[in-house]
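Participant: coordinates for the following, if possible.
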Amino acid sequence: MMVLLALGVLACWALWAWQAPDRAETGGVVGWRAVGHAGRQLAWRVATAGVLLVVVTPGIAAAHLERPTRFPSGGGTVPVYRTTGPYLVVCKPDSLERITQLPKELRALNQQLFAACQRHGFQHIQAAIDAVTTPGTRILIQPGIYREQPSLKPLSPACAALSGQPVLAYDQQVACRHVQNLIAILGDGPDPDIACEGRLCGLQLEGTGAQPEDVVVDGQFQRLNVIRADRADGVYFRNFTIQHSLFNSLYILETDGFAIDRMLGRWNDEYAFLTFASDHGRYVDCEAYGNGDSGLYPGSAAPLGGTRPAIELTRCRSHHNFIGLAGTAGNSLLVHDNDFYDNSVGIGLDSVFPGHPGMPQNSSIVTGNRIYANNQDFYRYYRDGTCTKPSAERGYEDGVVCPSGPGPVGTGIVLAGGNANTFRGNHIWDNWRFGAMQFGVPAQLRGETDPAKQFDTSHFNQYLDNQLGVTPTGEVRANGIDFWWDEEGQGNCWQGNTAGSGPVTSDPASLADCAAPVVFTPPNPVKFQSLLACLAWRKTNVDPVGCDWTYAPPPPTDRQDPPEAQDALEQAQAIERASPGWSPDAAGR
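Facilitator: Model (predicted):
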């Protein structure tokens, strides 16, 4: 679930800190003596308030709930796009008319495929999946809108009895595929392991249009997931759109080897693309917008300690979501050369919620990305009542987003309890609150009660050679503050970062470089207390007293926009007003 709910754990930290006995540092984990008297004073000041909030406040958001999961063995590979091999064709009655609008070369190919589809094809994607007999089969989906009506038939009594359960075991998913899913790809057989076996391994689903919008799989808010790929090693998704889920447009779980290539996920209550407890994954050239949690969510990625990437995300655009990219236990990620813009928060990684294997979050590399203008106040749709309507009536297509929890609007990067991450060479500009924000998270929140582990997050993170407050073309667009840190942890360092105008700004004013001695420090008491107010957030109380996260801060005054840049910005904003779900790259923010 979203990184930003981490703030709720601060009260737990306070209670633990106050009650903890003195003990020395052991096993490389800093004990209570490092916190000292100031920490005890802090705990005493906030424990009462924190406990009160925990007791009287209902759960401010549900984490991503799933059955107990295991990581794949790691013996797989990232699948490669294939143009040969066995295939099945899916089409709609109006596909031929849509084909006439395609470029000439694609038109000819699709006309041939349509003729084949009339002879021995399918009108529904699930029917084609069910007809697969050979591993490595390609399913070619022709232009059209796919609502998968057979998957919405009344459930059997046995399956209907499961419809109220938020979590189903794998064998229940197999027995009742459409309780939660419009389309289900379930690759494992009835055995103790989680490896894909048999005909659905290496399945490739591909839209045959010129762009992802030519093929649309529409969930109509009828199921939690539009497509679920579960233990589906080697699965490959390419060149189509998935939309209108009650949770995920595309959900990949316990899978060794997957690709999300030129895919578009939009207008979902929670996530566009969510991958969980998986390895050997790649998101490439994808786009996500209009999602109430995050556009991209590589959560509980295989914990490899940075020995290699578990999941790569590259050349994607994630915009007009609550969060552009989020990941509880987003481990060993390689996030590079993407654009995260016009969200409330650009990127968020965390170690917050129980039930997410691989915590604490660690060892991801975020490099060469453009993270900018993440200032969208989508909370206004709670204030005016829009988000209380049924999902289908909210107006997601017109730009409405209903955030799933509290988050500091106007922030480029949030790291809540991560370790050994590297943020290098990113362009981070025009985020009106913070360019990057880091704070610690006590292990108690994720269900870890060992006192020696309560300070096991927010260590050895590096922020290197980032360009702050300036666009790639040189216009100064300052962040509110470039770096904000609660001052907890050890081995964190900031080095080689530059700002567009003047020095890099930070709170605290002085940040350690990477040659500084490794010394643990507890959180700053004032900052610690300032975070507590946002704990009271819930969907019926989106603006808790004392919490300013849910409004966009005013733009920084340190902006040096030349007239031509300002003209381009105003033109782009006019285009956005005409098409609220989109933000052109030309906006230059």
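Participant: show the contacting residues for E270.
Facilitator: Contacts for E270 were tallied using C-beta atoms under 8 Å, 6 or more residues apart in numbering; they are S245, L246, F247, N248, N291, G292, D293, S404. (Each C-beta comes from the backbone N, C-alpha and C, glycine too.)
Participant: reformat the residues you listed as a markdown table; add neighbour count, secondary structure and pLDDT.
Facilitator: Putting the contacts of E270 into a markdown table (neighbours: other C-beta atoms under 10 Å; DSSP: H, G, I helix; E, B strand; the rest coil; pLDDT from 0 to 100) gives the following:
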| residue | neighbour count | secondary structure | pLDDT |
| --- | --- | --- | --- |
| S245 | 32 | coil | 98 |
| L246 | 17 | coil | 98 |
| F247 | 21 | coil | 97 |
| N248 | 32 | strand | 98 |
| N291 | 34 | coil | 98 |
| G292 | 26 | coil | 98 |
| D293 | 28 | coil | 97 |
| S404 | 25 | coil | 94 |
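Participant: now render those residues as JSON lines, adding distance to T83.
Facilitator: As requested, those are exported to JSON lines (distance: C-beta to C-beta, whole Å):
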{"residue": "S245", "distance to T83": "30"}
{"residue": "L246", "distance to T83": "35"}
{"residue": "F247", "distance to T83": "33"}
{"residue": "N248", "distance to T83": "28"}
{"residue": "N291", "distance to T83": "31"}
{"residue": "G292", "distance to T83": "36"}
{"residue": "D293", "distance to T83": "35"}
{"residue": "S404", "distance to T83": "39"}
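Participant: any idea which of those residues is closest to V470?
Facilitator: N291 (28.6 Å; C-beta to C-beta).
Participant: next, count neighbours for the residue nearest to that closest one when sequence neighbours are not counted.
Facilitator: Closest residue to N291 in three dimensions, ignoring its sequence neighbours and counting by C-beta to C-beta, 6 or more residues apart in numbering: N321, at 4.4 Å. Other residues near N321 number 33, with proximity taken as other C-beta atoms under 10 Å.
Participant: could you do A158 as well?
Facilitator: As a burial measure, A158 scores 10 neighbours (other C-beta under 10 Å).
Participant: helix, strand or coil: sort out it for me.
Facilitator: In the three-state summary, A158 is assigned as helix, counting by DSSP: H, G, I helix; E, B strand; the rest coil.
Participant: check which helix or strand the most far-flung residue of the chain relative to its centre maps to.
Facilitator: Ranked by distance from the centre of the chain (C-alpha atoms, centre = their mean), the top residue is R119, with 41.4 Å. In the assignment (DSSP states H and E), R119 maps to helix 104-120.
Participant: what is the subsequent helix or strand relative to that helix?
Facilitator: Under the assignment DSSP H and E, the closest C-terminal helix or strand after helix 104-120 is helix 125-131.
Participant: packing partners for that following helix?
Facilitator: With contacts defined as 3 or more C-beta pairs under 8 Å, 6 or more residues apart in numbering; DSSP states H and E, helix 125-131 has these neighbours: strand 87-90, strand 138-141, strand 181-186.
Participant: partner strands of the longest one, parallel or antiparallel?
Facilitator: Based on DSSP bridges, the strands next to strand 181-186 in the sheet, each with its direction, are strand 225-230 (parallel).
Participant: hmm, who's touching whichever helix or strand comes after the partner strand?
Facilitator: Per DSSP H and E, strand 225-230 leads on to strand 235-238 as the next helix or strand towards the C-terminus. The contact list for strand 235-238, computed with C-beta under 8 Å, 6+ apart, reads 79, 81-82, 185, 187, 202-207, 227, 229, 250, 252, 255, 257-263.
Participant: give me the element G327 is part of.
Facilitator: Assigned by DSSP H and E, G327 belongs to strand 323-328.
Participant: show residues contacting that strand.
Facilitator: For strand 323-328, the surrounding residues in contact (C-beta under 8 Å, 6+ apart) are 1-4, 63-64, 288, 293-301, 313, 318, 333, 335, 338, 340-341, 343-353, 356, 359, 361, 371, 374, 407.
Participant: so what strands line up beside that strand?
Facilitator: Each strand pairing with strand 323-328, determined using DSSP bridges, is listed with its direction: strand 294-299 (parallel), strand 345-350 (parallel).
Participant: pLDDT (mean, whole number) over the helix or strand following it?
Facilitator: If you walk from strand 323-328 toward the C-terminus, the next helix or strand you reach (DSSP H and E) is strand 333-336. Strand 333-336 shows a mean pLDDT of 98 in the predicted model.
Participant: who does strand 333-336 pair up with?
Facilitator: Based on DSSP bridges, the strands next to strand 333-336 in the sheet, each with its direction, are strand 311-314 (parallel), strand 365-367 (parallel).
Participant: given the next helix-or-strand element following the longest one, what are its sheet partners and their directions?
Facilitator: Beyond strand 311-314 in the direction of the C-terminus, DSSP H and E gives the next helix or strand as strand 317-319. Strand 317-319 has these partner strands in its sheet, going by DSSP bridges: strand 287-289 (parallel), strand 339-341 (parallel).
Participant: and the contacts of strand 317-319?
Facilitator: 272, 286-289, 294-296, 324-325, 338-343, 583, 585.
Participant: tell me where the stretch 1-150 of the chain has helices.
Facilitator: With helices called from DSSP state H, counting those that start in this stretch, the stretch 1-150 of the chain shows them at 10-19, 36-56, 95-99, 104-120, 125-131.
Participant: weakest of the ones you listed by average pLDDT?
Facilitator: Confidence, taken as mean pLDDT, is least for helix 36-56 of the helices of the stretch 1-150 of the chain (a mean of 35).
Participant: the domain parsing of the chain - what is it?
Facilitator: Using automatic domain parsing, the domain ranges for the chain come out as 1-66+328-551, 85-276.
Participant: take those and write them to CSV, including distance to T307.
Facilitator: Listed next are the domains of the chain as CSV, based on distance: least, C-beta to C-beta, whole Å:
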stretch, distance to T307
domain 1-66+328-551, 8
domain 85-276, 16
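Participant: hey, least reliable of the ones you listed by pLDDT?
Facilitator: Of all the domains of the chain, domain 1-66+328-551 has the smallest average pLDDT, which comes to a mean of 82.
Participant: the residue lying closest to F122 once chain neighbours are set aside - how many residues pack around it?
Facilitator: Spatial nearest neighbour of F122, chain neighbours left out: A128 (4.4 Å); criterion: C-beta to C-beta, 6+ apart. Burial of A128 is recorded as 22 neighbouring residues (other C-beta under 10 Å).
Participant: ok, now D507?
Facilitator: Using other C-beta under 10 Å, D507 has 17 neighbouring residues.
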